[in-house]
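Enquirer: here's a sequence, model it:
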Amino acid sequence: MCWMCNKKAELVGSPERRKFLKTAGVFGAALATGGVGAVSSAQAQQPPIPKNEISGDAALTRLMDGNKRYVEGNITPADFPSTREALAQAQNPFAAIVGCSDSRVAPELAFDTGRGDLFVVRIAGNVVTPEGFASLEYCVEELGTQLIMVLGHQGCGAVQAAISSVQSGNQLPGHIPSLVELLLPPVQQAQSESGDILSNAIKANVQWGVAALQQAAPILNSHVQDGTLRVVGGVYDLHTGQVELVT
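Expert: Residues are numbered from 1 along each chain as shown. Next up is the predicted model:
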């Protein structure tokens, strides 16, 4: 193996990889906009949103503080012009959200965040598909995000559909059965628990999502193990807007 191949192998999966890719991107951009002479000034640029370069613990605190403002109605006024130009060049979200497609649950609003702050993957039932795993791997490995929250919500229709399908034995139309299949494990778990089956299944679904992301090899699990990624769960209350953390 040549020395260049060895150097590339060292970079893959390492903390230096993002620095290498960012430098390569800056170099390419400089060539396109004025030649090598532009590289030195481009390299000196700060991340698009410097305040987003934070740890998983700090990111979770920021999310929950934002949700508290949202619940109380003290949301931060939007200031799109101040970040528009910087975000046109790159992004560095401080947290990733795996959320449900439900139109009543908008993570950017629920956590009182601005444009460029959250990397959001949404699908009915907040399940994680292969494409979702790939999206989150990109967010963590290339963008440097150190927090992922799996966000379920009260009264989730997808989870209710899975429960109804299991209880009745009826097959749902179209492509819905493929979604129900992903929701079967938490629904089956909820069936053996006391209390409201829908609430239990929603919570269990979040827990299953968190566990799946924490164990996802080879990228996400390595970041969890070395302390550069935290994965948590939450459930959004449709009536109050409050997000309750799920352990």
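Enquirer: pop out the phi and psi values for the spatially most central residue of the chain.
Expert: Residue closest to the average C-alpha location in the chain (Cα atoms, centre = their mean): Ala96, at 2.4 Å. The phi and psi values for Ala96, taken as degrees, to the nearest 10, are phi -110, psi 140.
Enquirer: and it, what does it touch?
Expert: The contact partners of Ala96, by Cβ atoms under 8 Å, 6 or more residues apart in numbering, come to Leu118, Phe119, Val120, Val121, Leu136, Cys139, Val140, Thr145, Leu147, Ile148, Met149. All C-beta atoms are positioned from the backbone trio N, CA, C, and that covers glycine.
Enquirer: in a markdown table: those residues, plus pLDDT.
Expert: Converted to a markdown table, the contacts of Ala96 look like this (pLDDT from 0 to 100):
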| residue | pLDDT |
| --- | --- |
| Leu118 | 98 |
| Phe119 | 98 |
| Val120 | 98 |
| Val121 | 98 |
| Leu136 | 98 |
| Cys139 | 98 |
| Val140 | 98 |
| Thr145 | 98 |
| Leu147 | 99 |
| Ile148 | 99 |
| Met149 | 99 |
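Enquirer: take those residues and keep only those in strands.
Expert: Leu118, Phe119, Val120, Val121, Leu147, Ile148, Met149 (DSSP state E).
Enquirer: highest neighbour count among these?
Expert: Ile148 (30 neighbours; other Cβ atoms under 10 Å).
Enquirer: surely that one touches Ala95?
Expert: Yes. Shown here, Ile148 and Ala95 form a contact pair, counting by Cβ atoms under 8 Å, at 7.4 Å.
Enquirer: name whatever forms a beta bridge with the residue nearest to the centre of the chain.
Expert: Here Ala96 shows beta-bridge partners Phe119, Ile148, assigned using DSSP bridges.
Enquirer: low-confidence stretches in the chain?
Expert: Within the chain, the ranges that satisfy pLDDT under 70 run 1-45.
Enquirer: check contacts around Ile148.
Expert: If you count contacts by Cβ under 8 Å, 6+ apart, then Ile148 has 95-98, 136, 139-140, 213, 220, 229-232 around it.
Enquirer: mind putting those residues in CSV, distance to Ser168 included?
Expert: Output for the contacts of Ile148, formatted as CSV (distance: Cβ to Cβ, whole Å):
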residue, distance to Ser168
Ala95, 38
Ala96, 35
Ile97, 32
Val98, 28
Leu136, 34
Cys139, 38
Val140, 39
Leu213, 31
Leu220, 36
Leu229, 39
Arg230, 39
Val231, 34
Val232, 34
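Enquirer: Ala162: which of the contacts of Ala96 is nearest?
Expert: Val121 (19.4 Å; Cβ to Cβ).
Enquirer: okay, that closest one and Glu141: tell me how far apart.
Expert: When Cβ to Cβ, to the nearest Å is the yardstick, Val121 and Glu141 sit 15 Å from each other.
Enquirer: hmm, back to that, in helices only, show me the contacts of Ile148.
Expert: Counted as lying in helices by DSSP state H, out of the contacts of Ile148, are Leu136, Cys139, Val140, Leu213, Leu220.
Enquirer: just flag the most distant two among those.
Expert: Cys139 and Leu213 (11.3 Å).
Enquirer: of the two, which one has the most company?
Expert: Neighbour comparison, Cys139 and Leu213: the larger count goes to Leu213, with 26 against 22 (by other Cβ under 10 Å).
Enquirer: wait, the more buried one touches Met149, no?
Expert: No. With contact defined as Cβ under 8 Å, Leu213 does not reach Met149; the gap is 10.0 Å.
Enquirer: spit out the residues that contact these two alike.
Expert: Overlap between the contact sets of Leu213 and Met149, as judged by Cβ under 8 Å, 6+ apart, is given by Val98, Val231.
Enquirer: thinking again about what came up before, what is the nearest of the contacts of Ala96 to Gln242?
Expert: The shortest distance between Gln242 and any of the contacts of Ala96, using Cβ to Cβ, involves Met149 and amounts to 14.1 Å.
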